[in-house]
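>>> Any chance you can model this:
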Amino acid sequence: MRNDYLLYRRDRFIMNEERILSAIEAEGLEPSTQSLADFYRNARSVIAREVAA
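Numbers count the residues shown, from 1 in each chain. Model prediction:
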């Protein structure tokens with residue numbers, strides 16, 4: 001019964017910084033220097049300026 005709950009699944013993947021950076025490198029990419037929070041904050045301000053114009 002516990003296999004039905006995602007919390008108890010044994011085959012889930014735990015991603016840490018090292019695994020994420022290795023996966024990015026394996027794809028021939030580079031990690032962004034901009035955080036997601038900054039990206040969305042900037043996107044919101046750009047949209048607000050466009051709406052106001």
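>>> which stretches of the chain have low pLDDT?
1-12 (pLDDT under 70).
>>> repeat that for 90
Counting by pLDDT under 90, the chain contains low-confidence residues at 1-20, 41-53.
>>> contact partners of the longest helix along it?
The residue-count maximum for a helix in the chain (DSSP state H) belongs to helix 36-52. Identification of contacts with helix 36-52 by C-beta atoms under 8 Å, 6 or more residues apart in numbering yields residue 32. C-beta: built from backbone N, CA, C; applies to glycine.
>>> Using PDB, write down the CA coordinates of that helix.
Taking C-alpha atoms only, helix 36-52 is exported to PDB below (Å, rounded to 0.1, in the frame of the first residue of the first chain):
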ATOM      1  CA  LEU A  36      15.100  31.800 -10.800                       C
ATOM      2  CA  ALA A  37      13.800  34.300  -8.300                       C
ATOM      3  CA  ASP A  38      15.700  37.100 -10.100                       C
ATOM      4  CA  PHE A  39      14.500  35.900 -13.500                       C
ATOM      5  CA  TYR A  40      10.900  36.000 -12.500                       C
ATOM      6  CA  ARG A  41      11.300  39.300 -10.600                       C
ATOM      7  CA  ASN A  42      12.800  40.900 -13.700                       C
ATOM      8  CA  ALA A  43      10.200  39.300 -16.000                       C
ATOM      9  CA  ARG A  44       7.400  40.700 -13.900                       C
ATOM     10  CA  SER A  45       8.900  44.200 -14.000                       C
ATOM     11  CA  VAL A  46       9.300  44.000 -17.800                       C
ATOM     12  CA  ILE A  47       5.700  42.900 -18.200                       C
ATOM     13  CA  ALA A  48       4.500  45.700 -15.800                       C
ATOM     14  CA  ARG A  49       6.400  48.300 -17.900                       C
ATOM     15  CA  GLU A  50       4.900  47.000 -21.200                       C
ATOM     16  CA  VAL A  51       1.400  47.100 -19.700                       C
ATOM     17  CA  ALA A  52       1.900  50.600 -18.500                       C
END
